[in-house]
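Asker: no FASTA, just this:
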């Protein structure tokens, strides 16, 4: 289960902001306009019995019963049956249509938001925590589905009901209605006060629920540390306190809101009492009929329920507005690595030139790379080495245009990567990350990440080209084997093989590889090395190297240190130089079999 | 542990209701009060239509003053209003109290359960026992006082109707039981539909999560469209499932409006003629109208309560599955006092396999004299970490014995064992609390000076002083994040404060960049001084700090000596060192969890 996000400042919108957000949501929902109108129509029909029922009763009493007119009574009963059926049908349809409207809106919102997130550059993903992005797409949208499923309908039908009931009441007897509605100001005051206090209490409860869940999660996930430190009594004491706070918050919330339900109940009965008292007086003066008094009393009682419902809707509406606002903030972030206008395709081959490149991660000032100048000939293999954090992976990221350099340029065959079409860029330059990342689905699905249109034959050709077809055919369902959660069905080595096969499927001119650091079982290790060897042959390759064996196979080695290109040359040249590489390589030689 | 699968160590429990009943019994005063209040509410509710009837017949159609009856009605309103509020308050506060107490009971129990249980249980599953399952129980308990008063109401109304006019009562009441049937059917049908929606939502979340986590792969191959298509499929599924739930609502909810209408039509049809025939008054007719409408909500709510009770029972059973697990690592009946030379560690013929499975340790024996240090070296899966977990008594060996100062761990109080043995985990978990509190974890009452001294010894004082709020900086998942090396130093400081007789350093340098390894090593050296230390290490530099090295293979000690001796004489030893050197070379390897400051430079960006 997911821990709901706590309450933050973004959850508290002021009235103007809320209006702006809702107006924007309404514009977004324009495609659902027709469905919304239909919903409105059906919701109106659904209120028919509540509004017309008392009128029919009035007619039955005044015209039928009082005068002993059986035909009038029969007419009232007949019409009542028709009205009840119409309302029933309307009511059924309103549930279907309100969901068609709302779910359609949420669906398009999901697609739109996801598409927008995917268009963002990596810098965006560095800036925004994964958990936050996921909760925008899940918890925030889901918090609106409550509104869609019943809130919207309740709002619509309560509004219609109150509107119609008021009109009917005033037409029947404006005197009686106005006197009875003397309780209205009290109801409005109570409702506003309730909204205010219950909203504060509601946000507080949500916050406490979040804290409670975090505390519980920490205790469960950290149970080993807790038991190892013999700290159970202290943790129990603390959890009791957190749990107590949640309880207190719940109790406070009930305490500040429960009176409201009593007041609404009381005021409702008061309105009835006034209608009867005043009705009796008016009836004695022959200003209203008995039937009218009865109808007014019945209609008044149906007026109070919707008001109460509307007041409870406020919290739902508020959290939906807050969620919408957060989503709009993402939709307002424009992608910063888009294709340049008039972009051209990258050539199929050519030298890779890193021209005086400096780089800071967006939003930071620290220079990760400082004036790197490198030319890698077509088909050459370059190993990047250096301590962790020195910037070697950043060089690789710029070559793959996962980021743009802050200064200088990266080009292939004379075309600046920023001027290249994204499609050709992804076809010519492929990154193979350290760990083979697996998506849900089969092995074939995972290969097709690289090329959704690849046929089965293409997949086998790619696997053959790096000599790993047999390994995957051994699985019970071959390439149709489900990899399970994050690829847990596959070993770490097999995941790397999938990763390499993806690259083979694209058949790029330039390969950027981040060598894995974890050790594999010896059988797979050899296969991965062989696949690696075959994949890189004839391609320009930049590898972030961690092993001596990999470095020795490179044509040239670039030593990156503190963001600068410290040394560049062949293994023998650099060993002869006696600098950083020489000491690193001798350190490796002591621990790693070359 | 999944919902359908019960843990094997669960004692068969015949009465999952027991913990709830015990709590309800404890709260009998509150619940009784709720029921009494409900009774008062009912009386007020039933009185109003009667007063209305009298007002119509005697005042509006008769001679009396209507205002007199209006005041009576107002008084009845005061009663129902007051007791509506009270009933709501009591129902909610009692149910929240049950929820609070059950949650406490649950976490108390979970914290005391042996690690063997936690290995099998998933955090998420246990979390939903303490959250969504408890919510379902709360939703049921809140209905108890409300349902009781609804029963009162139905009984009184039925009596009132039959007293007024038995024939009309029969017609009016005929359709109403179907409200209950419909309500119950609705609740049982809509629940799985809502569940399906939630599952579809979880699948969509899965696509979003994998896309965000694997964004480098997605962007690297330009696979945005592939993922967008997957998301569209899931979004369609959610819409489909939601519409299914909506159709269930559309089938059942309007029936709740139609059935009372049928009752009202029956009242008008049958009652109207009876009034014309002089068999009843208009006041009776109106009172009937009111009563029929009065019954709608209680009947609907009883249907809901039945469904809530079913769900609550299922939730309670899942909670009971956890509560009925008996802790396996417990104090002996007569614990032996903590020995004076607890620093003397001895493993004698220890055999162990996790959860009764494959043997990890097979007759393992070694002896560490008090105050000396030993490095345990072996390939992945050779059982190194298991030694640490047995020594702190997370598990008990299936054969052989482990002793501190000559006393078997099983003969000591668990608390004493864990005070004597300190464990620095390979992946340090920091709690959502201040730096100081994290360091004083084992001794919450340690003074600030002690904490500071520990931080200094662990080489952590410098970076802590540079933190935004120094020792008061909040750490943890939602707090300030530290690098792998900084976390390790906090962990070592923690061990210093705990001041154990035996210190186990499990892979303390693995999460650290090799270039920063020496800093950790300095801190380790300080805390190892004059203390029995067991180092589980991969890196040669760390291993060399120990007085002695034992090489583990197949769950046994296969070589024993100093680092230099083994390096010179043992081929297997050199092989193991080379393999782990490759594995540990860069930070963020397959040890998972530990993320470092250096993430910026990790191309995969994939959480472990």
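Answerer: Right, received. Where do you want to start? Because the structure is predicted, anything quoted here is derived from the model rather than measured.
Asker: so who does the residue nearest to residue A:221 when sequence neighbours are not counted touch?
Answerer: Distance criterion C-beta to C-beta, 6 or more residues apart in numbering or on different chains; nearest residue to residue A:221, sequence neighbours excluded, is residue B:123 at 5.3 Å. For glycine as for every other residue, the C-beta is placed from the backbone atoms N, C-alpha and C. Neighbouring residues of residue B:123 by C-beta atoms under 8 Å, 6 or more residues apart in numbering or on different chains: A:217, A:220-221.
Asker: could you do residue B:337 as well?
Answerer: Residue B:337 is in contact with residue B:416, counting by C-beta under 8 Å, 6+ apart.
Asker: tally of neighbours for the closest residue to chain B within the stretch 151-300 of chain A?
Answerer: Residue nearest to chain B within the stretch 151-300 of chain A (C-beta to the nearest C-beta): residue A:280, separated by 2.2 Å. When counting by other C-beta atoms under 10 Å in any protein chain shown, one arrives at 26 neighbours for residue A:280.
Asker: that one touches residue B:59, doesn't it?
Answerer: Yes: with contact defined as C-beta atoms under 8 Å, residue A:280 counts as touching residue B:59 (4.5 Å).
Asker: joint contacts of these two?
Answerer: Joint contacts of residue A:280 and residue B:59 (C-beta under 8 Å, 6+ apart) are B:65-66, B:69.
Asker: what would those look like in JSON lines with neighbour count and pLDDT?
Answerer: JSON lines is the format used below for the shared contacts of residue A:280 and residue B:59 (neighbours: other C-beta atoms under 10 Å in any protein chain shown; pLDDT from 0 to 100):
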{"residue": "B:65", "neighbour count": "15", "pLDDT": "89"}
{"residue": "B:66", "neighbour count": "25", "pLDDT": "89"}
{"residue": "B:69", "neighbour count": "24", "pLDDT": "93"}
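Asker: filter those down to just the ones in helices.
Answerer: Among these, DSSP state H puts B:66, B:69 in helices.
Asker: which of the shared contacts of residue A:280 and residue B:59 come close to chain A?
Answerer: B:65-66, B:69 (C-beta under 8 Å from any C-beta of the partner chain).
Asker: quick check: closest non-adjacent residue to residue A:145.
Answerer: Per C-beta to C-beta, 6+ apart, closest to residue A:145 is residue A:106, 6.1 Å.
Asker: tell me the domain boundaries of chain B?
Answerer: B:8-164+B:304-327, B:166-279, B:345-593 (automatic domain parsing).
Asker: OK, contacts around residue 494?
Answerer: Answering for chain A, as no chain was given. A:436, A:471-472, A:524.
Asker: try again with chain B
Answerer: Counted by C-beta under 8 Å, 6+ apart, residue B:494 has contacts A:229, B:424, B:438-442, B:454.
Asker: which stretches of the stretch 51-200 of chain A have low pLDDT?
Answerer: A:149 (pLDDT under 70).
Asker: how does it look with 80?
Answerer: Within the stretch 51-200 of chain A, the stretches with pLDDT under 80 are A:126-127, A:129-131, A:143, A:145-151.
Asker: grab the most central residue of the chain for me.
Answerer: Assuming you mean chain A. residue A:137 (1.0 Å; C-alpha atoms, centre = their mean).
Asker: I was after chain B.
Answerer: Geometric middle of chain B (C-alpha atoms, centre = their mean) lands on residue B:127, at 1.8 Å.
Asker: helix, strand or coil for residue A:197?
Answerer: helix (DSSP: H, G, I helix; E, B strand; the rest coil).
Asker: grab the nearest non-local neighbour of it.
Answerer: Spatial nearest neighbour of residue A:197, chain neighbours left out: residue A:256 (4.4 Å); criterion: C-beta to C-beta, 6+ apart.
Asker: surely that neighbour forms part of a helix?
Answerer: Yes: looking at residue A:256 with three-state DSSP, it is inside a helix.
Asker: could you measure from it over to residue B:86?
Answerer: Using C-beta to C-beta, to the nearest Å, residue A:256 is found at 15 Å from residue B:86.
Asker: what pLDDT does residue 6 get?
Answerer: Just going to use chain A. Looking at residue A:6, its pLDDT is 45.
Asker: nope, chain B please
Answerer: Per the predicted model, pLDDT is 39 at residue B:6.
Asker: what residues does stretch B:440-458 touch?
Answerer: With C-beta under 8 Å, 6+ apart as the test, stretch B:440-458 has contacts from A:225, A:229-231, A:234, B:422, B:431, B:436-437, B:439, B:461, B:464, B:471, B:489-490, B:492-498, B:523, B:526-527.
Asker: helices of the stretch 301-450 of chain A, start to end?
Answerer: A:392-399, A:422-428, A:443-447 (DSSP state H, counting those that start in this stretch).
Asker: closest one to chain B among those helices?
Answerer: Proximity to chain B (C-beta to the nearest C-beta) singles out helix A:422-428 among the helices of the stretch 301-450 of chain A, at 3.6 Å.
Asker: report all helices and strands that the closest one contacts.
Answerer: Applying 3 or more C-beta pairs under 8 Å, 6 or more residues apart in numbering or on different chains; DSSP states H and E, one finds that helix A:422-428 contacts no other helix or strand.
Asker: who touches it?
Answerer: A:339, A:343, A:345-348, A:401, A:412, A:417, A:506, A:508-510, B:220-222.
Asker: make it 6 Å
Answerer: Contact with helix A:422-428 is made by A:339, A:345-346, A:401, A:508-509, B:222, as judged by C-beta atoms under 6 Å, 6 or more residues apart in numbering or on different chains.
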